[in-house]
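predicted structure and sequence below. I'll ask about it afterward.
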Amino acid sequence: MAAAPDRVRYPMNAQSLFFLCTQCRNHLFSIADSIGEFPSGPGVTHGVLCRAAVNVREDDTPRLLNHHPVVNVHCNQCNGHIGERFTDPANAPELHSEQGKYLFYYDKLLYWDGFGLHSCSTGEEIIIYDNGHL
Ligand SMILES: [Zn+2]
């Protein structure tokens, strides 16, 4: 079955480090696009900030996350709510006034470290079966 035309896949090899959706293993963003960790605080789930992502869609429901205006970000394969996108960087100095950065939650992410898959929330290794299914 053909993948959606806009579906981006990163190579799963030792030179490629990237994050995936924990629900459906959709590829989401490269380590090269990650900026750092989003500080945890009351009502804020710890996660990774990044400047670009693939295979995601945003909804149009504005709300506040830790006083910053955001919209919800969903995986475009399983439709899971996996993060937020900041819409008003003027009010978020730690985002360096660059618009459109994403926050992805650790418990929604898997990490490909070049050799294996790991859960971002527990560090646990995810087994990849020989038949290619994850
Ligand atoms: Zn997904």
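Sure, I can see it. Numbers count the residues shown, from 1 in each chain.

burial check on residue 80, number of neighbours?
16 (other C-beta atoms under 10 Å). (Each C-beta comes from the backbone N, C-alpha and C, glycine too.)

quick one: contacts for the nearest residue to it once chain neighbours are set aside?
Once flanking residues are discounted, residue 80 sits nearest to residue 23: 4.8 Å by C-beta to C-beta, 6 or more residues apart in numbering. Contacts of residue 23 were listed using C-beta atoms under 8 Å, 6 or more residues apart in numbering, and they are 75, 78, 80, 108.

before we move on, which element is residue 23 in?
Using DSSP states H and E, residue 23 maps to neither a helix nor a strand.

from residue 109, how far off is it?
10 Å (C-beta to C-beta, to the nearest Å).

with residue 70 instead?
As for residue 70, its distance to residue 109 is 17 Å (criterion: C-beta to C-beta).

now swap in residue 122 and tell me
11 Å.

ok, residue 9 - how many residues close by?
Residues lying near residue 9 (other C-beta under 10 Å) number 11.

I'd guessed it sits against residue 27; true?
Yes. With contact defined as C-beta atoms under 8 Å, residue 9 and residue 27 form a contacting pair (5.5 Å).

what parts of the chain come near the ion?
21, 23-24, 26, 75, 77-78, 80 (C-beta under 5 Å from the ion).

any of those buried? List them.
For the residues of the chain next to the ion, a neighbour count by 16 or more other C-beta atoms under 10 Å gives the buried set as 21, 26, 75, 77, 80.

need the residue closest to the centroid of this protein.
The C-alpha lying nearest the average C-alpha coordinate of the chain belongs to residue 104 (C-alpha atoms, centre = their mean; 4.1 Å).

count of neighbours near the nearest residue to it once chain neighbours are set aside?
Excluding the flanking residues, the one nearest residue 104 by C-beta to C-beta, 6+ apart is residue 83, at 3.8 Å. By other C-beta under 10 Å, the residues close to residue 83 number 28.
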